[in-house]
Structure formats: structure tokens, C-alpha cells
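Asker: Provided below for reference: sequence and predicted model.
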Amino acid sequence: MGFLHNRAVYPLYFNFMNKICPKCHSFLVKKDGQRNGRQSYRCKECKHVFYSNRQEGKEDKRLLHSYSVHKQTLRELTETTGYSLSTVHRKIKRALVSKDNMKLRLNPNLSSYISSVLILDATFFGKKGSDTQWWILVAQDGITGDILASKHIFQETLEDYRILLRTMRQERYPKPHFAVIDGRNGVEWVICDFYDIPVQICQSHKIATIDRYLLKHPRIESYRELKKIAHEMIKTDKVTFIWWLEEFKRKYIKDFEIRELDTKTLRYRYVHPRLLHAYKSLLRDIDRLFVSLSFIQTIGRNINTSNRIECEFSHLKPKVKLHRWLSKERRLSLALSLLWRD
């Protein structure tokens with residue numbers, strides 16, 4: 001077989017392959033799949049397996065990073081790299097999240113998060129209420145900031161939360177200290193079904209709820225006073241906050257009790273229903289607003305909001321919306337690639 005080593009003997013035969021076996025120096029080399037983004041080759045004579053020095057995965061990820069983070073278009077990437085438009089499109093498509101990880105994706109190191117705080121939240125893309133709307137449900141570790149799991153959903157339902165937590169538990173995700181949610185009804189009971197842990201309601205979401213009840217710029221003194229108390233929630237503890245609410249109601253008891261006759265229904269109604277709703281909302285969730293204070297010594301910080309995962313969403317959405325006319329599948333794949341930092 002020595003004559004086969006001479007490229008000049010069969011120039012057309014060896015024209016298709018430009019690789020030489022580093023062990024026996026043979027030109028009879030064929031491709032043998034990819035491993036870790038590198039092309040693998042196998043020699044037909046000595047059966048030696050070797051790898052290409054060129055790592056296509058790194059180049060694909062570099063193009064995806066320029067496309068998503070640096071906001072370059074496909075046409076701009078063709079000018080800077082010298083590749084054709086179809087080549088750039090193929091490389092970016094290859095670097096995006098695969099279809100298998102679109103529906104449900106888990107962190108491979110779930111069992112290592114022994115001391116963790118579970119943050120659950122969902123965000124939507126597209127026009128809200130339309131057929132183009134789609135959601136991503138995300139579980140994040142509140143201490144390290146790592147993404148634990150993500151799930152593509154069409155509408156935020158309790159069953160989606162249940163499927164995500166069930167899959168995490170099957171992958172031996174350890175019991176966290178507590179969970180942080182935005183206050184959606186029913187999510188707390190779903191978490192308690194899988195992990196018997198306390199649930200912290202995000203204080204930032206609760207303050208936003210109180211602001212919606214009491215308006216942005218209220219003219220009534222009691223409204224302004226209750227808004228001020230609600231905004232001081234982050235800086236105080238449970239006992240002090242309850243005392244503030246009791247003193248507030250004792251001071252403005254007339255605004256709570258005053259009623260007037262409705263001429264249409266001929267029934268008496270409260271003059272300040274917004275004040276009542278805001279006050280009752282704070283009292284209803286008082287036991288779930290200060291859960292994180294009990295774990296300060298354990299985790300070393302006060303995680304009383306879901307702002308960490310909201311920051312991920314706020315950086316994610318503009319980068320996905322930047323490139324227009326993307327298909328729904330491609331937009332989802334781009335969002336997940338940015339979320340998992342692939």
C-alpha cells in the first residue's frame with residue numbers, strides 16, 4: 001500500500017481530502033463525526049483517530065455573539081468575516097439551541113445546588129393577547145444567579161410550573177431554603193407539593209400592586225401615607241411593618257368606614273374602596289413578605305425580590321426584538337441561547 005502514500009500517483013483520488021494521518025502518514029482518511037465542536041478523522045489503514053485543529057464550534061459561537069449581543073445583522077457579518085450570506089446563516093443556526101432543548105431544558109449540575117434559593121418567574125414575547133405571544137418559564141438560583149431550568153410555554157399556567165418542578169425533582173434537585181415568586185395565585189401551593197419550603201413574595205411586585213391600587217399621584221392624604229408605608233417595606237421587618245399598618249388604620253379610621261348611597265343601585269358603598277383593597281392586600285400577604293429575613297444568617301444576604309431574574313429578562317428582550325422577521329422558532333432559539341449564555 002506504499003504507492004497510495006504518493007499524492008502524485010492519484011491526484012484526483014486525493015483531491016477530496018486534505019488530511020494526512022499523523023501516525024502512518026497515509027492519505028486514506030475519512031471523517032468520523034464531531035466531538036466537542038471539533039471534526040474527528042479516522043485513518044483507513046492504521047485505524048488511528050485524530051482531530052482537526054480547527055474548532056468550528058468556537059467560530060459559530062463567536063458569530064452568534066456578534067449577531068445577538070453586538071447587534072450585527074447577517075449582511076454586516078458577511079462584510080466583516082468574508083463568508084457568504086448562506087454560510088453565516090448556517091453557522092449561526094448551528095450555534096443556536098437545538099430543538100431538543102427548546103421545550104424543556106435543565107442545568108446538568110442540578111444536584112450540586114445544595115444551598116440555594118429558588119426563584120420562579122415567566123416572561124412573554126410578542127404582542128400580549130395575540131396569537132404571536134409566547135412565554136418562557138425560568139427557574140434561577142438566587143445565590144449564584146445560574147439558570148436551573150427553562151420551559152417554553154404558550155400561556156402561564158399552574159400546570160407548567162408543576163411540570164417544571166416535577167422534572168427538576170426527578171433530576172435530584174436538592175431542597176432549597178425557600179422560593180421567591182411574583183405573587184401569582186396558586187404557585188405557592190404548587191411549590192409546597194414538591195418542596196415543603198416557605199415562599200417569599202417579591203416585595204417589588206407587591207409595591208407595584210399597591211401603587212396600582214392607590215394611583216401614581218394620589219391627592220388624598222391617607223392614600224399617600226399608605227403608599228409611603230408600602231415603599232418602606234424593603235427597609236423594615238415584619239413586626240415593625242405590622243405596627244405601622246395598625247397605627248395607620250387607627251389614624252385614618254374614618255376613611256375606612258365612611259360610606260355613601262349609590263343612586264343607581266340604592267346601596268351604600270365605601271367612598272375609598274382603593275384604600276381598602278390596598279390595605280387588605282398587605283395584610284393578606286404579610287406572612288409571605290418577610291420570609292427571607294429568617295435565612296439571612298444561613299445564606300448571608302436578604303433575597304426578598306425577584307429582581308435578579310427580572311434583570312435577565314430586561315436584557316434578553318431587546319436583543320431578541322432587534323432582529324426583525326425572524327420565525328417564532330428561531331426567535332425562541334435565540335432567546336434561549338442568550339438566556340443560557342451558550
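Answerer: Structure received. Numbering: from 1, shown residues only.
Asker: Every contact and neighbour count from this point should use C-alpha atoms.
Answerer: Will do.
Asker: Report pLDDT for T236.
Answerer: Note for T236: predicted pLDDT of 94.
Asker: With L293 as the reference, measure out to it.
Answerer: 10 Å (C-alpha to C-alpha, to the nearest Å).
Asker: Any buried residues in the helix or strand where E246 lies, and which?
Answerer: E246 is part of helix 238-251 when elements are defined by DSSP states H and E. Residues K238, F241, L245, F248 are the ones in helix 238-251 that count as buried (16 or more other C-alpha atoms under 10 Å).
Asker: show me what contacts the last one?
Answerer: The neighbours of F248, taking C-alpha atoms under 8 Å, 6 or more residues apart in numbering as the test, are E225, L226.
Asker: And the third one, by the same measure?
Answerer: Under the criterion of C-alpha under 8 Å, 6+ apart, the contact partners of L245 comprise I229.
Asker: that older thread, mind putting the buried residues of helix 238-251 into TSV with distance to R259?
Answerer: Compiled in TSV, the buried residues of helix 238-251 are given as follows (distance: C-alpha to C-alpha, whole Å):
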residue	distance to R259
K238	31
F241	28
L245	21
F248	19
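Asker: Between T236 and L293, which is the more surrounded one?
Answerer: Each of T236 and L293 has its neighbours counted (other C-alpha atoms under 10 Å); L293 has more, 16 against 11.
Asker: What is the burial count for T167?
Answerer: A count of neighbours around T167, defined by other C-alpha under 10 Å, yields 15.
Asker: What are the buried residues along stretch 89-108?
Answerer: Under 16+ other C-alpha under 10 Å, the buried positions of stretch 89-108 are H89, K91, I92, K93, A95, L96, V97, M102, L104, R105, L106, N107.
Asker: what mean pLDDT does it have?
Answerer: 84.
Asker: end-to-end on it?
Answerer: End residues of stretch 89-108 are separated by 29 Å (C-alpha to C-alpha).
Asker: what residues does it touch?
Answerer: Stretch 89-108 is contacted by residues 57, 60-61, 63-64, 74, 147-153, 164, 168, 332-334, 336-337, 342 when judged by C-alpha under 8 Å, 6+ apart.
Asker: follow-up on the earlier one: can I have the helix or strand just after the helix holding E246 written out in PDB, keeping just the CAs?
Answerer: Later in the chain than helix 238-251, the nearest helix or strand by DSSP H and E is helix 253-257. Output in PDB follows, covering the C-alpha atoms of helix 253-257 (Å, rounded to 0.1, in the frame of the first residue of the first chain):
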ATOM      1  CA  ILE A 253     -60.300  55.000  60.600                       C
ATOM      2  CA  LYS A 254     -62.800  57.400  59.100                       C
ATOM      3  CA  ASP A 255     -61.500  56.800  55.500                       C
ATOM      4  CA  PHE A 256     -62.000  53.100  56.100                       C
ATOM      5  CA  GLU A 257     -65.600  53.400  57.400                       C
END
